[in-house]
Each structure stands twice: as structure tokens, then as C-alpha cells.
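> Sequence plus predicted model, see below.
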Amino acid sequence: MTKSFKNALIGLSLLAATNMAPATGAFAEDELEAIGYINGRWNAIATYYDTDHWAAPLAPARAVADTVMGGAFIRLQMPVAFPGATFQYEMTFSYDRFNGEYRFGFLDDLNGYLDVYAGQMQEGIVTVLNADTGTAFPDGEGGKVIGKLELGQTDTGFQIMGYISATKDGPFSPYMKLDFSPAE
């Protein structure tokens, strides 16, 4: 492919993206505003599922969520404790208007791992999976651990429920929940 052809292709792609952009911006504001309740300063309590019951909740951690890049994304940052390790965790929430789906990206400073989830909102709950994004975690036996997350508003803040499965069709088992309440 010649350099001028590549440049023309890039230019056409940018032009198409610009022409498809709504008048108010290049992102889907309404869909992102639907989860705007996560913006703010929070106490986050992680609880992990242990075989057949929820373990004792961990000590609260401080979390901060803000819109970034002109309101195109919401970024939440917090420390997360696992047995034997605490690391910084960053979640980025967006709405992909081209494909009509929510996208959540999760990064940590322990493994340098970027996990990407995609899905839909139904009845106020955003359900996303990493099955089709190429970021499902290896299970050590040649398979993958498929993650499913549900984001929803609660009476006092919001909650992220985490589930895992060996297949994208389930069944899914709970593995963690993060409960967010306003920080004082």
C-alpha cells in the first residue's frame, strides 16, 4: 500500500468519524450520562466470594471517579486489596457509539494487565463481558476465565458485581463485589 493511499484512507476514516459525530460532540453523551452517578469521591468496600458464601468485607478504600477528555470517558481510580497484595486499579468507562455498546477498561499496576469488557444496559444495569474482547484471563489449563461485570446504582451509591465462567454463555459464579458509598 502506498503512503499516499494510506494517508487518503486515514483522512477518509477521520472524515467519516467526524460526519457521524453528533452535533454536541464526538461521543455518546446520553449513554455516558446514564452512568454518570459514578462520578465523585467514594468509600469502596470489596467483598470476595469464598466457595459458597461471601467472605468478610475488606476495609474501605478511597475511590475517585471523574469525567475525562471533555466528558468522553469516566475514569475511576482506587487501591484494591487481594489476599497478599494491594495494587492500584483504574477503571475507564465509555460508550462506543459506533458499535452501540458500553466499554469498560480495567488496568492494574500489579500485573500491568488491561482487561476490556463490552456490553449493554438493560433496566438500569450495565452488563459487560470480556469474552469477545480478547482479554479473558488464561486459566492455566489452556482455557480462559470469562469475566462478567454488572454496574448498577444502589440507594447509597453504586455497586460493581463480578462473575466468572469457563464459557461466555455461563453459568457464571460470583467472585467479588465492590460497593461504593459517598466519602465524607
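Nice, thanks for sending it over. Residues are numbered from 1 along each chain as shown.
> Relative to the whole chain's centre, how far out is the helix or strand encompassing Arg103?
Following DSSP states H and E, the helix or strand that holds Arg103 is strand 101-108. Averaged C-alpha coordinates place strand 101-108 at 3 Å from its chain's average position (CA atoms, centre = their mean, to the nearest Å).
> got the angle between the following helix or strand past that strand and strand 101-108?
Downstream of strand 101-108, the first helix or strand assigned by DSSP H and E is strand 114-122. Angle of strand 114-122 versus strand 101-108, following axes from the mean of the first three to the mean of the last three CA atoms, to 10 degrees, is 150 degrees.
> Rounded mean pLDDT for stretch 59-68, please.
Averaging pLDDT along stretch 59-68 yields 93.
> And for stretch 81-95?
Computed over stretch 81-95, the mean pLDDT rounds to 84.
> Give me the buried stretch members for it, please.
For stretch 81-95, a neighbour-count test (16 or more other CB atoms under 10 Å) marks Tyr89, Met91, Thr92, Phe93, Ser94, Tyr95 as buried. Where C-beta positions appear, they are placed from N, C-alpha and C, glycine not excepted.
> Make JSON lines out of those and add distance to Gly124 and secondary structure.
Formatted as JSON lines, the buried residues of stretch 81-95 follow (distance: CB to CB, whole Å; DSSP: H, G, I helix; E, B strand; the rest coil):
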{"residue": "Tyr89", "distance to Gly124": "24", "secondary structure": "strand"}
{"residue": "Met91", "distance to Gly124": "19", "secondary structure": "strand"}
{"residue": "Thr92", "distance to Gly124": "21", "secondary structure": "strand"}
{"residue": "Phe93", "distance to Gly124": "15", "secondary structure": "strand"}
{"residue": "Ser94", "distance to Gly124": "18", "secondary structure": "strand"}
{"residue": "Tyr95", "distance to Gly124": "15", "secondary structure": "strand"}
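> quick one, what contacts the one residue sitting closest to the centre of the chain?
Centroid-nearest residue in the chain, with CA atoms, centre = their mean: Phe104, separated by 2.6 Å. Residues in contact with Phe104 (CB atoms under 8 Å, 6 or more residues apart in numbering) are Met91, Thr92, Phe93, Ser94, Val116, Tyr117, Ala118, Val126, Val128, Leu149, Leu151.
> ok, Ala72 to Met78 distance?
Per CB to CB, to the nearest Å, Ala72 is found 21 Å from Met78.
> who has more neighbours, the two?
For Ala72 and Met78, the more surrounded residue by other CB atoms under 10 Å is Met78, and the numbers stand at 19 against 15.
> Helices along the chain, start to end?
Ranges of helices in the chain, per DSSP state H, are 3-20, 29-33.
> Would you single out the least confident of the ones you listed?
helix 3-20 (a mean of 52).
> Throw the buried residues of stretch 81-95 into CSV and include distance to Asn39, thanks.
Putting the buried residues of stretch 81-95 into CSV (distance: CB to CB, whole Å) gives the following:
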residue, distance to Asn39
Tyr89, 17
Met91, 12
Thr92, 13
Phe93, 10
Ser94, 14
Tyr95, 15
